[in-house]
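Asker: below is the structure, and that's it, no one-letter string:
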């Protein structure tokens with residue numbers, strides 16, 4: 001699938017059933033106007049659906065024209081039956097990326113909390 005710069009690929013709240021793997025270009029993951037992440041070639045988005053089967057948690061917008069491959073839920077199920085090793089590797093990589101992003105969010109949260117504590121003490 002090809003996308004252009006500034007093109008909205010999907011929106012928060014959308015019901016989607018696929019993981020998207022970036023082949024070229026970049027996308028931004030945006031929530032309430034804040035950029036949560038910028039992803040590039042070799043990274044994926046939409047993977048949270050595989051874990052929690054919930055609507056999209058953020059907007060994804062092209063920040064540099066490119067393309068991505070989609071794997072839908074049905075094909076993931078087929079992969080799990082036909083090629084368990086590849087399926088497990090795919091899930092492990094998705095889990096690792098989710099874990100890295102969570103760690104990054106935890107660090108940002110703590111930094112912001114510490115800033116607020118220092119500001120409150122100074123006032």
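Answerer: Alright, I've got the coordinates. Please read these numbers as outputs of a predicted model, since none were measured by experiment. Residues are numbered from 1 along each chain as shown.
Asker: can you list the buried residues in the strand or helix carrying residue 117?
Answerer: Element membership for residue 117, per DSSP states H and E: helix 84-122. Neighbour counts using 16 or more other C-beta atoms under 10 Å place 87, 90-91, 94, 97, 101 of helix 84-122 among the buried residues. (Glycine included, C-beta is placed from N, CA and C.)
Asker: how near is the most centrally placed residue in the chain to residue 69?
Answerer: The residue lying closest to the centre of the chain (C-alpha atoms, centre = their mean) is residue 45, at 3.5 Å. Separation of residue 45 from residue 69 (C-beta to C-beta, to the nearest Å): 12 Å.
Asker: quick one: common contacting residues for the two?
Answerer: Shared contacts of residue 45 and residue 69, defined by C-beta atoms under 8 Å, 6 or more residues apart in numbering, comprise residue 20.
Asker: after the helix or strand bottoming out on mean pLDDT in the chain comes which helix or strand?
Answerer: Across the helices and strands of the chain, the lowest-confidence element by mean pLDDT, DSSP states H and E is helix 48-52, at a mean of 79. Using DSSP H and E, the helix or strand that follows helix 48-52 in sequence is strand 59-72.
Asker: average pLDDT across that next one?
Answerer: Taken as a whole, strand 59-72 has a mean pLDDT of 95.
Asker: in the sheet, which strands lie alongside that strand, parallel or antiparallel?
Answerer: strand 2-3 (antiparallel), strand 8-10 (antiparallel), strand 18-31 (antiparallel) (DSSP bridges).
Asker: dump these into TSV; add mean neighbour count and mean pLDDT as well.
Answerer: Converted to TSV, the strands paired with strand 59-72 look like this (neighbours: other C-beta atoms under 10 Å; pLDDT from 0 to 100):
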stretch	mean neighbour count	mean pLDDT
strand 2-3	18	96
strand 8-10	17	94
strand 18-31	19	95
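Asker: could I get the ones you listed as CSV with distance to residue 110?
Answerer: Output for the strands paired with strand 59-72, formatted as CSV (distance: least, C-beta to C-beta, whole Å):
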stretch, distance to residue 110
strand 2-3, 34
strand 8-10, 30
strand 18-31, 19
